[in-house]
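In: no sequence on this one, just coordinates:
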């Protein structure tokens, strides 16, 4: 049975938080205001301190996409990633991913972000599998609804278990790299938890549990 190496995206593989980078991209295109940027930065701060209503935020984002073209978002995210995100991919992240690939491990990104934000990074790193939050699409256009569960908290376990069943690995035998205390359910579920650039709450928990802490 293969072993899996799972990686969070924001502040783990990528040193920045990608939602704010996307709004910066929109602002530079004249599609977002200073208020839009402030709203996203507020969400990022609430996420960091564990006080965000992530379901509410995700549903607001999904609603904003209603009626728009999925293909257009794919193209936009490719452009955005190359111009705004790629420079922040951590060198140690590239090395660690490559090391697991050389070992023959199943490598996947497991993130609360969408597949549209995640797929460009996966391609750059040669990662075949991604586990993400999903927006509902009908006829090539977004409906404005989410596909449950959100890839967050316990939802990350549920979605990662689907990949494990598909590829034949044991999630409890996996290694998971993450920066956030919001990933504690999956970090505690796998055999090896690695806390990368951990936020203060995760750092405390990592020290308590004896989990490895790394700086990327």
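Out: Nice, thanks for sending it over. Being a predicted model, the structure only gives us computed values, none of them experimental.
In: where along this protein do the helices fall?
Out: Secondary structure of the chain (DSSP state H): helices located at 18-28, 34-48, 54-65, 70-80, 91-103, 115-125, 154-167, 184-189, 200-209.
In: looking at those helices, which is nearest to residue 133?
Out: helix 54-65 (6.4 Å; Cβ to Cβ). Every C-beta, even on glycine, is put in place using the N, C-alpha and C of the backbone.
In: now do the buried residues in the closest one.
Out: For helix 54-65, burial by neighbour count (16 or more other Cβ atoms under 10 Å) applies to 54, 57, 58, 61, 62, 65.
In: remind me which residues of this structure are low pLDDT?
Out: 32-33, 36-38, 43-44, 46-52 (pLDDT under 70).
In: buried set for stretch 200-215?
Out: 202, 203, 205, 206, 211.
In: not counting it itself, show me its contacts.
Out: Applying Cβ atoms under 8 Å, 6 or more residues apart in numbering, the contact partners of stretch 200-215 are 50, 92, 177-181, 183-184, 187-188, 192-198.
In: over to stretch 166-180?
Out: 1-8, 10-12, 47, 96, 100, 106, 110, 129, 157, 160-161, 164, 183, 186-187, 189-199, 202, 214.
In: quick one, which of the residues you listed are buried?
Out: The neighbour count (16+ other Cβ under 10 Å) marks 3-8, 10-12, 47, 96, 100, 106, 110, 157, 160, 164, 183, 186-187, 189-190, 193-199, 202 as buried among those.
In: what is the neighbour count of the closest residue in space to residue 145 that isn't next to it in sequence?
Out: Closest residue in space to residue 145, ignoring its immediate chain neighbours: residue 136 at 4.4 Å, by Cβ to Cβ, 6 or more residues apart in numbering. Counted with other Cβ atoms under 10 Å, the neighbours of residue 136 add up to 15.
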